[in-house]
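Asker: Return a 3D structure for these sequence lines:
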Amino acid sequence: MVFRVFGALLALLGVALTAAPAQAQGVYYYEPDYYDEPDPYYQPRAERWAARRAAQRRRARRARLRAERRFMREELQRQRRADRRRAERRRENRRRREARQRPERRVNREAPPRQVRRGKSPDIVDGGPKPRIAPVRPPIVRFTGYKRGEIVIDTAGRRLYYILSRGRAYSYPVAVGKAGFQWFGTKRITRTAKWPDWRPPASMRKRKPHLPKLMTGGLWNPLGYKALYLGSSLYRIHGTANAQSIGQAASSGCFRMHNGHVEHLSRLVGVGAKVHVLRRLPRRIARLTRRLQ
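Answerer: Model (predicted):
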């Protein structure tokens, strides 16, 4: 028993003697927390692979975003090009429609014979060439208050309306009589003539001595391609090659139309059709009148 106690004391004394010099020499004993911190210069293989896969995913995401932006940019450019092409087609179609509705804008402006323009005119003058004139369809507007097949002329508005069914009408631009030559009332169409001859009345020849007694039908003839005679009077609805006068108060009581428009109108109306010449349209009709086509 004594020996056992003595041996234990010696062991404790040895441990104390060996630990004291080490602590005295400044030996650092690492704490367990130090081993829990990661080494910045060392990364396990699994973590390296995870970081590499994350970098690959980031690169793929950036490439996908770049591709999407490039696709959206190209799609926007394609859309803008398509919009420009559609706008150009609309402008071209509008120009074609206007060209069809504006006949004889550029016609043969060859002057009539010189003796018609100065000095005393001969009794008979040639009216010029007789080209083929195609009908030109005018726009359709809302119009009520008159029967189908009748013609209404709005002197103040410089328009001629041919009444269709279901509250619609063709709307033609016309030239009306000058101040002092306008008239109003109701007439019927008594006859139609193609490339009609023109015989200026005596009162007109008195005002304009250079006018001939007769001008044969043709492009230079003031009556144009066709004439619709109103009753037994000297007034007519006729064509003209002078497109600049349409929409003006420029005639001596007749109603001028484009040659293409008068051809279109003559195919719709016949002898006996009623023509109403108004100073202006009634307010209730003018308020409803608007373009449909």
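Asker: just checking, what's the longest helix in the protein?
Answerer: Looking across the chain with DSSP state H, the single longest helix is helix 45-101.
Asker: Make sure residue 172 is indeed in a strand.
Answerer: Yes: with DSSP: H, G, I helix; E, B strand; the rest coil as the criterion, residue 172 is part of a strand.
Asker: Any idea what it is bridged to?
Answerer: residue 160 (DSSP bridges).
Asker: Next up, the contacts around it.
Answerer: 138, 159-162, 257-258, 261, 265 (CB atoms under 8 Å, 6 or more residues apart in numbering). Yep, even glycine has a C-beta here, placed from its N, CA and C like the rest.
Asker: Tell me the first helix or strand C-terminal of the helix or strand of the chain with the lowest mean pLDDT.
Answerer: The weakest-scoring helix or strand in the chain, judged by mean pLDDT, DSSP states H and E, is helix 114-117 (a mean of 43). Going down the chain from helix 114-117, the next helix or strand is strand 124-125, by DSSP states H and E.
Asker: Determine the set of other helices and strands touching that following strand.
Answerer: strand 214-215 (3 or more CB pairs under 8 Å, 6 or more residues apart in numbering; DSSP states H and E).
Asker: neighbours around the nearest residue to residue 175 once chain neighbours are set aside, how many?
Answerer: Among residues not flanking residue 175 along the chain, residue 256 sits closest, at 3.9 Å (CB to CB, 6 or more residues apart in numbering). When neighbours are counted by other CB atoms under 10 Å, residue 256 registers 29.
Asker: Quick check, pLDDT for residue 256.
Answerer: At residue 256, the model reports a pLDDT of 93.
Asker: and which of the contacts of residue 172 is nearest residue 246?
Answerer: residue 258 (6.3 Å; CB to CB).
Asker: I'd say that closest one and residue 240 touch.
Answerer: Yes: between residue 258 and residue 240 there is a contact under CB atoms under 8 Å: 7.4 Å.
Asker: which residues do the two both contact?
Answerer: Residues touching both residue 258 and residue 240 by CB under 8 Å, 6+ apart: residue 246.
Asker: the more surrounded of the two?
Answerer: Between residue 258 and residue 240, residue 258 has the larger neighbour count (other CB under 10 Å), namely 28 against 25.
Asker: What helix or strand is residue 205 located in?
Answerer: Per DSSP H and E: residue 205 is located in helix 202-207.
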